[in-house]
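A.B. asks: Need coordinates for the following:
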Amino acid sequence: MNRRDFSTRFALTTLAGALPGLALAQGGPVEGRHYQKLGTPVPVAAGKIEVVEFFWYGCPHCFAFEPVVEAWTKQLPADVGFRRSHVAFRENTKTHQRSFFALEALGREAEFRPKIFNAIHQQRQQLDTADSMAAFLGKNGLDQAKFLEVYNSFSVQSKCQQAVKLSEAYRIDGVPAIGVGGRFLTSPSMAGQGAGENVALQQAVITANVLIDRVRGGKV
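C.D. replies: Have a look, this model is predicted:
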């Protein structure tokens, strides 16, 4: 979903054979088509290859991408560090962003992510205010007062500011998207151009795998 309308490393040969039209089956992803190389590299910490998924709880494409990302991240190599960063394109996304970082600070984000996704996309709950999110989380076993305390904390505010700067550095104008090593950006909409959504989602992680290999090999 883009800003304007707001709207595992898998076995590559297996996926390419199972999903016709994948970039790798056509000779590999192409810069400017399946991914972008950043003009200005994003600073990353030394050590592991940093991979960031940019997403929004309210994005239907992020909801569809979630099981693919979950399977992929469980099989990423040990030298890859994966994390999520919630975007803040408009007011309700800011609420969701603060909720994401509050839950992360409480060590409960992974637990509640599928519940939030399902509530928004299957049960049609908005959850776009702090109170509505707190009430929902309370019904699902989280201390509402503690959540709101962390939600309103300076540390969460700082995390949100850092996330906005990261999105800007990667020039994120739509989600879901994957940043690799501070050098590359891909997404289902880029990597899967002309393909159906299921193929595009798989193609995005295949392309990300190739970009990870390029960062690992110093081909940036």
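A.B. asks: Can you classify Leu103 as helix, strand or coil?
C.D. replies: helix (DSSP: H, G, I helix; E, B strand; the rest coil).
A.B. asks: which ones are touching it?
C.D. replies: Counting by CB atoms under 8 Å, 6 or more residues apart in numbering, Leu103 touches Glu109, Phe112, Arg113, Leu137, Phe147. All C-beta spots, glycine's among them, are computed from the backbone N, C-alpha and C.
A.B. asks: Buried subset of the residues you listed, written for ChimeraX?
C.D. replies: In ChimeraX, a selection of the buried entries from those looks like this (16 or more other CB atoms under 10 Å):
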select :109,112,113,137,147
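A.B. asks: what's the farthest-apart pair in the contacts of Leu103?
C.D. replies: Greatest spacing in the contacts of Leu103, by CB to CB: Arg113 and Phe147 (14.6 Å).
A.B. asks: Tell me how many other residues crowd Gly39.
C.D. replies: Other residues within reach of Gly39 by the criterion other CB atoms under 10 Å amount to 6.
A.B. asks: if you count residues, which helix in the protein comes out on top?
C.D. replies: The longest helix of the chain (DSSP state H) is helix 197-216.
A.B. asks: ok, and the closest non-adjacent residue to the residue sitting nearest the centre point of the chain?
C.D. replies: Residue closest to the mean C-alpha point of the chain, counted by CA atoms, centre = their mean, is Glu53 at 2.6 Å. In this structure, Glu53 finds its nearest non-sequential neighbour in Arg84, 5.0 Å apart by CB to CB, 6 or more residues apart in numbering.
A.B. asks: For the one you found, what is the enclosing helix or strand?
C.D. replies: strand 80-86 (DSSP states H and E).
A.B. asks: Need the CA coordinates for that strand. PDB is fine.
C.D. replies: Provided in PDB are the C-alpha atoms of strand 80-86 (Å, rounded to 0.1, in the frame of the first residue of the first chain):
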ATOM      1  CA  VAL A  80      21.700 -11.900   9.000                       C
ATOM      2  CA  GLY A  81      19.900  -9.800  11.500                       C
ATOM      3  CA  PHE A  82      16.200  -9.300  10.800                       C
ATOM      4  CA  ARG A  83      13.900  -6.700  12.300                       C
ATOM      5  CA  ARG A  84      10.600  -5.000  11.600                       C
ATOM      6  CA  SER A  85      10.000  -1.200  11.400                       C
ATOM      7  CA  HIS A  86       6.500   0.200  11.500                       C
END
